[in-house]
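# Attaching a predicted model along with its sequence, questions to come.
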Amino acid sequence: MNWTLLIIAGLFEVGFASCLGKAKEATGAAYNYWMGGFLLCLTISMALLYKATQTLPIGTAYAVWTGVGAVGTVLVGIFIFKEPSDFWRLFFLTTLIASIVGLKFVTH
């Protein structure tokens, strides 16, 4: 169950990073909404990370949390923000995913 919470926490990390990306493009009320989304996603992500670390090793949990957030944020950048998706970027994204999966399998 805590692995599921950790993955969800990582997805909320993607949410807060994406909200920051949108907030920098916004003005007025839209800026406030994106920053509100950032704060909400940040709070949920941290709370779930805290809950997951109560039974998972902190080093593994933090690495997986940041990894899920990094992979998700890169994918949002590619698909939403139209960032480049060249071979090397996708290659290293794949190695990051393999590392996250590897940590899951070697953690007891």
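In hand now; what should we look at?
# show me the contacts for the residue sitting nearest the centre point of the chain.
Centroid-nearest residue in the chain, with C-alpha atoms, centre = their mean: G69, separated by 1.7 Å. Taking C-beta atoms under 8 Å, 6 or more residues apart in numbering as the criterion, G69 is in contact with G10, E13, V14, A17, S45. Every residue, glycine included, has its C-beta placed from N, CA and C.
# same check, this time on I8
Per C-beta under 8 Å, 6+ apart, neighbours of I8: L48.
# doesn't V68 make contact with G10?
Yes. Counting by C-beta atoms under 8 Å, G10 does reach V68; the two are 2.6 Å apart.
# neighbour count winner among those two?
G10 (25 against 22; other C-beta atoms under 10 Å).
# quick one: contacts for the more buried one?
Here G10 is in contact with S45, V64, W65, T66, G67, V68, G69, G72 (C-beta under 8 Å, 6+ apart).
# change it to 10 Å
The contact partners of G10, by C-beta atoms under 10 Å, 6 or more residues apart in numbering, come to 45, 48-49, 52, 64-73, 100.
# got it, and G72?
By C-beta under 10 Å, 6+ apart, the neighbours of G72 are I7, G10, L11, F12, E13, V14, G15, A17, S18.
# Secondary structure element holding it?
Here G72 sits within helix 58-79, counting by DSSP states H and E.
# okay, the angle between the following helix or strand past that helix and helix 58-79?
Sequence-wise, the next helix or strand downstream of helix 58-79 (DSSP H and E) is helix 87-106. Between helix 87-106 and helix 58-79, the angle formed by their directions is 150 degrees, by axes from the mean of the first three to the mean of the last three C-alpha atoms, to 10 degrees.
# what's helix 87-106 packed up against?
For helix 87-106, the packing partners by 3 or more C-beta pairs under 10 Å, 6 or more residues apart in numbering; DSSP states H and E come out as helix 2-23, helix 58-79.
# Low-confidence bits of this structure, can you list those?
Applying pLDDT under 70 to the chain flags no residue at all.
# Please report how far the residue of it most remote from its centre lies from W34.
Distance from the centre of the chain peaks at G28, with 26.5 Å (C-alpha atoms, centre = their mean). In this view, G28 and W34 are 11 Å apart by C-beta to C-beta, to the nearest Å.
# Done for today, thanks.
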